[in-house]
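Peer 1: what follows is a predicted structure for the sequence shown.
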Amino acid sequence: MKKMWKRSAKAWLLRGYPNFNLLLTFFRLLSPFIVIFADFMRNGFLYALVIIALVTSSCSKMSRIEKSHDPAKKLAYANELYGKKKYMQANQLYSELLTVYKGTKEFEDMYYNYAYSSLKLEDYEQAAYHFKNFVDIFPNSPRAEEMDYMQAYCYYKLSPRVELDQKSTTQAISAMQTFIDTHPGSARIAEATRIIDLCRKKLEEKEFKAAELYYDIGLFHAAAVSFKNLMRDYPDSQSSDQYKYMAIKSYYEYAENSIIEKQSERYEQVVTEYLDFADRYPQSTYLKDAEQFYTQTQDHLKSLQNEQVKEKPKQ
């Protein structure tokens, strides 16, 4: 009776669902993956529970330590967190302990870690303050040289992209140079020099972009002065011949766009700049282009002289 019922039920399913066998085969093939997925979800849930338990435990411990009236226990836990690279929590505890340990033998090590925890959190402005403060408090510490360098390094890290204000870049150069002058025998001199060069390169690029902008918007005299200032400020730059060439080009455009009464004087400036360029950079790749401006300038000067002769009244 039971077998007959199963056969009739199957026949009914097949009549109602002609693709039933295909569907059944599909589920049989899929079943191992369902088992794997279920196992993964079960294990994943267990992993999540473990992580939640660990985080909760850590938070509860931090909460207990914060409420503790035992500064030694707080400091020990702060150092433990610092060693585990949990800088945010360590920084928080160190901050609470500053007034408690100031003037004690533990304060130097604690403040050292406190300064570095700010650095690790990329709070460079705060870190620079603490590195400087460390030197002020412990001027004779063996770590004073390191702290001097790290203060300058923080200014370097605060240096923004070229388009923005470069106050921090200038501070970094000044601080690194002070470090070099104060610690002439330091092993960090080479790195300090490298950072100064990088910062100067950034300032040079910013000035160059400003000079280019003057030229692009037609302020040719301002552009010429800016390019000459670049040469003066960065005499050892690999682009100094380019700056000189751009000064020539700018002075030429300035003269060409001037009123006739001013043109002769301003074309003479182009001649002066070109002769100086040819003397300084005889191998420059810009020499040929500069020479074209010189030639065109000579033609303009001759033309202006001829016009002046024509305009002179006959005696």
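Peer 2: All right, it came through fine. Numbers count the residues shown, from 1 in each chain.
Peer 1: with just CA atoms, put stretch 268-284 into CSV.
Peer 2: Extracted C-alpha coordinates of stretch 268-284, given in CSV (Å, rounded to 0.1, in the frame of the first residue of the first chain):
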residue,chain,number,x,y,z
GLU,A,268,67.3,95.8,-24.8
GLN,A,269,66.4,93.8,-21.6
VAL,A,270,65.9,90.7,-23.8
VAL,A,271,69.3,91.2,-25.4
THR,A,272,71.0,91.5,-22.0
GLU,A,273,69.2,88.4,-20.7
TYR,A,274,70.1,86.4,-23.9
LEU,A,275,73.8,87.3,-23.7
ASP,A,276,74.0,86.3,-20.1
PHE,A,277,72.2,83.0,-21.0
ALA,A,278,74.6,82.2,-23.8
ASP,A,279,77.6,82.9,-21.5
ARG,A,280,76.2,80.8,-18.6
TYR,A,281,74.7,77.9,-20.5
PRO,A,282,76.5,77.3,-23.8
GLN,A,283,75.5,73.6,-23.9
SER,A,284,71.8,74.2,-22.9
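Peer 1: buried ones in that stretch?
Peer 2: Within stretch 268-284, the residues that count as buried by 16 or more other Cβ atoms under 10 Å are 269, 270, 271, 273, 274, 277, 281, 284. From N, CA and C alone the C-beta is placed, and that goes for glycine too.
Peer 1: where along this structure do the helices fall?
Peer 2: Counting by DSSP state H, the chain has these helices, from start to end: 2-16, 20-67, 71-83, 87-101, 107-120, 124-137, 144-158, 167-182, 189-216, 220-233, 240-256, 260-280, 287-311.
Peer 1: low pLDDT regions in the stretch 201-315 of the chain?
Peer 2: When residues are selected by pLDDT under 70, those of the stretch 201-315 of the chain lie in 309-315.
Peer 1: if we go to 80?
Peer 2: Low-confidence segments of the stretch 201-315 of the chain, defined by pLDDT under 80: 308-315.
Peer 1: would you list the buried residues of stretch 268-284 in CSV and tack on distance to residue 248?
Peer 2: Listed next are these as CSV, based on distance: Cβ to Cβ, whole Å:
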residue, distance to residue 248
269, 9
270, 6
271, 10
273, 5
274, 6
277, 6
281, 11
284, 11
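Peer 1: my read: residue 289 touches residue 244, true?
Peer 2: No - counting by Cβ atoms under 8 Å, residue 289 sits too far from residue 244 to count as a contact (11.6 Å).
Peer 1: these two: which is more packed in?
Peer 2: The residue with more neighbours, out of residue 289 and residue 244, is residue 244; 24 against 13, by other Cβ atoms under 10 Å.
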